[in-house]
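Enquirer: Sequence below, structure please.
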Amino acid sequence: MATPSLDPKFEIAIRGAVFPVMILSNLQLNDFVLVDIAEGDLSHEIQRHLAERPMCFVGVAAVSREGVPRTALDIPLDKSETDLLASAYLAHLDSCLSAMSGAAPAQANA
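Expert: So this is what the prediction gives:
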């Protein structure tokens with residue numbers, strides 16, 4: 001299944017950027033899922049995983065080539081939701097960069 005096409009405001013936010021993700025959430029549970037959209041298609045495993053969880057589209061996030069974070073959100077988030085999303089995206093970046101370098105991702109302190 002191909003990644004759904006995005007509204008132009010979301011396309012613009014991630015155009016030419018690195019580490020782009022689609023942000024999905026169940027805000028009632030403070031549950032965020034970041035789907036790596038750099039590959040273009042959603043894997044069957046990701047599709048199955050998402051089908052098992054009631055999620056809504058929140059927006060997209062990426063990092064510009066200059067290192068500036070970019071987001072385009074479809075719904076407003078409060079401070080605690082923004083903090084959770086930022087932590088999830090930083091963990092995603094750590095995982096991506098570790099995979100590129102061959103190192104294990106850092107473990108977040110609980």
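
Enquirer: And stretch 62-75, end to end?
Expert: 17 Å (CA to CA, to the nearest Å).

Enquirer: should've said stretch 65-72
Expert: With CA to CA, one end of stretch 65-72 sits 17 Å from the other.

Enquirer: how about it: buried residues?
Expert: Arg70, Thr71, Ala72 (16 or more other CB atoms under 10 Å). The C-beta positions use only the backbone N, C-alpha and C, and glycine is treated the same way.

Enquirer: Quick check: bridge partners of Leu34?
Expert: Ile23 (DSSP bridges).

Enquirer: I'd say it and Ala61 touch.
Expert: Yes: shown here, Leu34 and Ala61 form a contact pair, counting by CB atoms under 8 Å, at 7.5 Å.

Enquirer: who's more crowded, the two?
Expert: Ala61 (25 against 22; other CB atoms under 10 Å).

Enquirer: Where does the more buried one fall, secondary structure wise?
Expert: Taking DSSP states H and E as the definition, Ala61 sits inside strand 56-63.

Enquirer: Packing partners of the lowest-mean-pLDDT helix or strand in the chain?
Expert: Across the helices and strands of the chain, mean confidence by mean pLDDT, DSSP states H and E is lowest for helix 44-51: a mean of 74. Where contact means 3 or more CB pairs under 8 Å, 6 or more residues apart in numbering; DSSP states H and E, helix 44-51 is packed against strand 31-36.

Enquirer: Would you mind listing the buried residues in the strand it packs on?
Expert: By neighbour count, and taking 16+ other CB under 10 Å as the criterion, the buried residues in strand 31-36 are Phe32, Val33, Leu34, Val35, Asp36.

Enquirer: Identify, from these, the entry nearest to Ala88.
Expert: Phe32 (4.9 Å; CB to CB).

Enquirer: Is it correct that that closest one is in contact with Thr82?
Expert: No: judged on CB under 8 Å, Phe32 makes no contact with Thr82 at a distance of 10.6 Å.

Enquirer: tell me the helices in this protein, going along the chain?
Expert: For the chain, the helices defined by DSSP state H cover 8-14, 44-51, 79-101.

Enquirer: That'll do, ta.
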